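Trainee: based on what follows, work out the 3D shape:
(chains A, B, C and D)
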Protein chains: 2
Amino acid sequence: MSFTYRYARPALTVDAVVFGLDDEDLKVLLVERAGEPFRGTWALPGGFVNVGEDLEVAARRELAEETGLRLADAYLEQLYTFGAPGRDPREHVVSCAWYALVNIRDHEVRAATDAADARWWRVQALPDLAFDHAHILEVAGERLRGKVRYRPIGFALLPERFTLSQLQHLYETLLGRGVDKRNFRKKMLALGFVVDTGETETDVPRRPARLYRFDEARYRQLEREGFEMWV
Amino acid sequence: MSFTYRYARPALTVDAVVFGLDDEDLKVLLVERAGEPFRGTWALPGGFVNVGEDLEVAARRELAEETGLRLADAYLEQLYTFGAPGRDPREHVVSCAWYALVNIRDHEVRAATDAADARWWRVQALPDLAFDHAHILEVAGERLRGKVRYRPIGFALLPERFTLSQLQHLYETLLGRGVDKRNFRKKMLALGFVVDTGETETDVPRRPARLYRFDEARYRQLEREGFEMWV
DNA sequence: AGAGCTTAGTGTGCACATAACACTAAGCAC
DNA sequence: GTGCTTAGTGTTATGTGCACACTAAGCTCT
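Mentor: Here you go, the predicted model:
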């Protein structure tokens, strides 16, 4: 079967930049390519968009197919569309890139279709990447660093219940600088959408911390009222 | 001549949302469609991307072809890629939308290829639009309103030399609210990249105002030093 | 020439937000 | 119960945002 058009068309793909956070670092999910071109090279999960398929749906599908990861309550947003001729050695391929923030512990990752392997890599120590994926990752990193300061998207990187220390560690990691503990806690609690669950950590070899959660409904309410956060 | 592929491909287009400002309002450049579908309906200028053509180049080309407008020192940025199946009645068409800010007086507009007419419309009083272009325009408006507050992109809407009153009018129009004259002037001049040219207006039936210009080199310098604006 | 019109241009004070800073509290391990 | 580790807490100084009203300068019209 084949498809014929009156004019030549660039191919259209989606790629996903999935960020995760563990106790140490910011990580990104990559797959090792099983097919040509760039066989054996690490790359962002992604692939061709089907006709009649929404771009976001395509991004989720390719991600699930190649890494086994299904985005549920993760944060997912379109990043940018990369269309420079020559970015794919085969032909002109335009890629609509998306980025996602997930809690690493919630998601089992396994290599699948078209991928020889799939695993998390430290953003600070990436392998060589296929295509222009290093560039895409750079753009994604900038967007993440920029956006986390005025939108509460970072919470998607944490478990549902988290301590203020974890939240602070998250911001320090993303912003790349330390912040003052007292000021940070004051500011976060003053925002009004980081709420105390009444629970505390268990099984930790030290004083247990209170557990908080991100109250999304409250955030949306405040947003409607014209409130603005700035970290 | 025709082109055959192993798998079906969505078509790929670019659309341009060009904003301009005159003494009264924020305007947007639209074309009246000369061909089907939506013949006779107003739409964003745009069209199919050629194979081997960069997306930004395609956006500029389509804009020039349909409206005669050539973006030189205008601000141009990718907006979002719209790919919902059904957004074009013919088939699955994915559109990479761009938005631009230009100084209306610098640009002559005339209908050309594929367009029966081309003209500026007040953003507040738009006609019915073809495809999902009303939605694209809405997204563009949000982006503009958001971005103008922390990036000095608004200057692209003004002539090279402008008065602080013009600049204030610009911000008031974009933000949709009045601002205090004294505070506005203090803040703008404190930024350091709005510089006095030493000249003043001529031929105005009132006290002439000083003319300022946007010093882009200075802005880039400050940006590198980690400075941040916020209006 | 002078009166009137129109927009340009200017400073202060108060309220609030940010940033710097160090010690006690609580639970666990040994 | 001692020691270790991280949790949790307030005050002060400084800077920024915001409200607010009058004089200055050039032109027009008579």
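
Trainee: quick check: residues of chain A near DNA strand C?
Mentor: If contacts are counted using C-beta under 7 Å from any atom of the strand, the residues of chain A sitting beside DNA strand C are A:180, A:181, A:182, A:183, A:187, A:204, A:205, A:206, A:207, A:208, A:230. (C-beta placed from N, C-alpha, C; glycine too.)

Trainee: which of those count as buried?
Mentor: Judged by neighbour count, with 16 or more other C-beta atoms under 10 Å in any protein chain shown as the criterion, no member of those is buried.

Trainee: which one of those residues sits closest to DNA strand C?
Mentor: Of all those, DNA strand C sits closest to residue A:207, with 3.0 Å by C-beta to the nearest atom of the strand.

Trainee: from residue A:109, how far off is that closest one?
Mentor: As defined by C-beta to C-beta, to the nearest Å, residue A:207 lies at a distance of 33 Å from residue A:109.

Trainee: same deal with residue A:228?
Mentor: Summarising the geometry, the distance separating residue A:228 from residue A:109, computed by C-beta to C-beta, is 36 Å.

Trainee: ditto for residue A:186
Mentor: The gap separating residue A:186 from residue A:109 is 37 Å, by C-beta to C-beta.

Trainee: comparing these two, which residue is more hemmed in?
Mentor: Under the neighbour definition other C-beta atoms under 10 Å in any protein chain shown, residue A:186 and residue A:109 were set side by side, and residue A:109 has more, 18 against 10.

Trainee: pretty sure that one contacts residue A:115?
Mentor: No - taking C-beta atoms under 8 Å as the definition, residue A:109 is not a contact partner of residue A:115, at 10.3 Å.

Trainee: any shared contact partners between those two?
Mentor: residue A:67 (C-beta atoms under 8 Å, 6 or more residues apart in numbering or on different chains).

Trainee: now the helices: where do they sit in chain A?
Mentor: With DSSP state H as the criterion, chain A has helices at A:55-67, A:133-147, A:164-175, A:181-191, A:216-224.

Trainee: enumerate the residues of chain A near DNA strand D.
Mentor: By C-beta under 7 Å from any atom of the strand, the residues of chain A that approach DNA strand D are A:163-165, A:181-183, A:185-186, A:200, A:205-210.

Trainee: could you rerun that using 6 Å?
Mentor: The interface of chain A toward DNA strand D, taken as C-beta under 6 Å from any atom of the strand, is made up of A:163, A:164, A:165, A:181, A:182, A:185, A:206, A:207, A:209, A:210.

Trainee: so residue A:49 sits right up against residue B:81, yeah?
Mentor: No - distance between residue A:49 and residue B:81: 10.6 Å, which falls outside the contact criterion (C-beta under 8 Å).

Trainee: can you list residues touching both of these two?
Mentor: With C-beta under 8 Å, 6+ apart applied, the overlap between the contact sets of residue A:49 and residue B:81 consists of A:55, A:96, B:94.

Trainee: closest to residue A:10 out of those residues?
Mentor: In terms of C-beta to C-beta, no member of these lies closer to residue A:10 than residue B:94, at 10.1 Å.

Trainee: just to revisit the earlier point, among the residues of chain A next to DNA strand C, which two are most distant?
Mentor: When C-beta to C-beta is used, the two most widely separated members of the residues of chain A next to DNA strand C are A:205 and A:230, lying 36.0 Å apart.

Trainee: and the closest residue to residue A:98 other than its chain neighbours, what pLDDT?
Mentor: Using C-beta to C-beta, 6 or more residues apart in numbering or on different chains and skipping the chain neighbours, the partner closest in space to residue A:98 is residue A:59 (4.4 Å). Per-residue confidence at residue A:59 stands at 98 (pLDDT).

Trainee: mind checking how far residue A:59 is from chain B?
Mentor: Counting by C-beta to the nearest C-beta, to the nearest Å, the separation of residue A:59 from chain B is 10 Å.

Trainee: shouldn't that residue be in contact with residue A:76?
Mentor: Yes - contact criterion C-beta under 8 Å: residue A:59 and residue A:76 qualify, at 7.4 Å.

Trainee: show me the contacts for the closest residue to residue A:48 other than its chain neighbours.
Mentor: In this structure, residue A:48 finds its nearest non-sequential neighbour in residue A:13, 5.3 Å apart by C-beta to C-beta, 6+ apart. By C-beta under 8 Å, 6+ apart, the residues touching residue A:13 are A:46, A:47, A:48, A:49, A:93, A:94, A:95, A:96.

Trainee: over to residue A:128?
Mentor: Taking C-beta under 8 Å, 6+ apart as the contact definition, residue A:128 lies against A:41, A:42, A:134.

Trainee: nearest residue to residue A:68 in space, please, no chain neighbours.
Mentor: Taking C-beta to C-beta, 6+ apart as the measure, residue A:68 lies nearest to residue A:110, with 4.2 Å between them; neighbours along the chain are not counted.

Trainee: now that neighbour: phi and psi?
Mentor: For residue A:110, the backbone dihedrals are phi -150, psi 150 (criterion: degrees, to the nearest 10).

Trainee: can you get me a residue count around it?
Mentor: Residue A:110: 12 surrounding residues under other C-beta under 10 Å.

Trainee: hmm, back to that, can you list the residues of chain A next to DNA strand C in JSON lines and add pLDDT?
Mentor: Conversion of the residues of chain A next to DNA strand C to JSON lines gives the following (pLDDT from 0 to 100):
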{"residue": "A:180", "pLDDT": "97"}
{"residue": "A:181", "pLDDT": "97"}
{"residue": "A:182", "pLDDT": "97"}
{"residue": "A:183", "pLDDT": "97"}
{"residue": "A:187", "pLDDT": "96"}
{"residue": "A:204", "pLDDT": "91"}
{"residue": "A:205", "pLDDT": "91"}
{"residue": "A:206", "pLDDT": "92"}
{"residue": "A:207", "pLDDT": "94"}
{"residue": "A:208", "pLDDT": "96"}
{"residue": "A:230", "pLDDT": "88"}
